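Novice: Have a look; sequence and predicted model below, questions after that.
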Amino acid sequence: EADIYQTPRYLVIGTGKKITLECSQTMGHDKMYWYQQDPGMELHLIHYSYGVNSTEKGDLSSESTVSRIRTEHFPLTLESARPSHTSQYLCASSDVTRALRGTQYFGPGTRLTVL
Amino acid sequence: GESVGLHLPTLSVQEGDNSIINCAYSNSASDYFIWYKQESGKGPQFIIDIRSNMDKRQGQRVTVLLNKTVKHLSLQIAATQPGDSAVYFCAETLTGGGNKLTFGTGTQLKVEL
């Protein structure tokens, strides 16, 4: 069982609100990722980080931003939420120094609904 | 945002039967492949992986087969149990590509009692 946590698990907010989705891992993994997943659909990478002070945009364009000030923490922020942001957000981490070639371990996800 | 009206491919099997879930991957240069299981309301969970220099790998009740010629991956689950009901995703990556995974469309496995 991977030690990666996401809060909140569920969030319902109104349009225009600023929100931050939290993700923390206790495995000391250097790489962390954020994915967006609509119900029944594949995962799309929106942000990733190779380590502290490193952040990159993923394959799917997103209006969210991320930061990586500490190894264990990788929060995602939406400055002004809109109904189009309604989705599930999954955080993952990996450690490429291990023989598993960087298998990613996922948190439980945050289900976001913007009204 | 939300997508409406799309359904995952579904595989229904009887409890105790073997299941075979298929996946076509896109990048012929990918050299590492992973199968994930995602239960309702949870994040994907690692099941088994395989490198491109292998064509078969076995785990506990699961086997992954890789056919690089046709860019096809399959997951075989032996003696399928109700707890195996979930959505299964394959993912591919290229070593040195920053461990960025590309996920395929999932398959919903339903185990009937």
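Specialist: Nice, I can see it.
Novice: Report the separation between residue A:14 and chain B.
Specialist: 16 Å (Cβ to the nearest Cβ, to the nearest Å). Quick note: C-beta positions are derived from backbone N, CA and C, even for glycine.
Novice: Contact partners for that residue?
Specialist: A:81, A:114, A:115 (Cβ atoms under 8 Å, 6 or more residues apart in numbering or on different chains).
Novice: What is the nearest of the residues you listed to chain B?
Specialist: residue A:114 (8.9 Å; Cβ to the nearest Cβ).
Novice: bridging residues for the closest one?
Specialist: residue A:13 (DSSP bridges).
Novice: what about it, how many neighbours?
Specialist: 21 (other Cβ atoms under 10 Å in any protein chain shown).
Novice: can I get the contacts of residue A:14 in CSV with pLDDT?
Specialist: Formatted as CSV, the contacts of residue A:14 follow (pLDDT from 0 to 100):
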residue, pLDDT
A:81, 94
A:114, 96
A:115, 96
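Novice: now these in JSON lines, with distance to residue B:24?
Specialist: Listed next are these as JSON lines, based on distance: Cβ to Cβ, whole Å:
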{"residue": "A:81", "distance to residue B:24": "36"}
{"residue": "A:114", "distance to residue B:24": "34"}
{"residue": "A:115", "distance to residue B:24": "38"}
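Novice: For stretch A:58-66, buried residues please.
Specialist: A:58, A:62, A:64, A:66 (16 or more other Cβ atoms under 10 Å in any protein chain shown).
Novice: Looking at those residues, spot the one nearest chain B.
Specialist: Among the buried residues of stretch A:58-66, and counting by Cβ to the nearest Cβ, the member closest to chain B is residue A:58, at 7.6 Å.
Novice: Do a quick rundown of the strands in chain A.
Specialist: According to DSSP state E, chain A carries its strands in the segments A:4-7, A:10-13, A:19-25, A:31-37, A:44-51, A:54-57, A:65-66, A:76-78, A:87-94, A:105-106, A:110-114.
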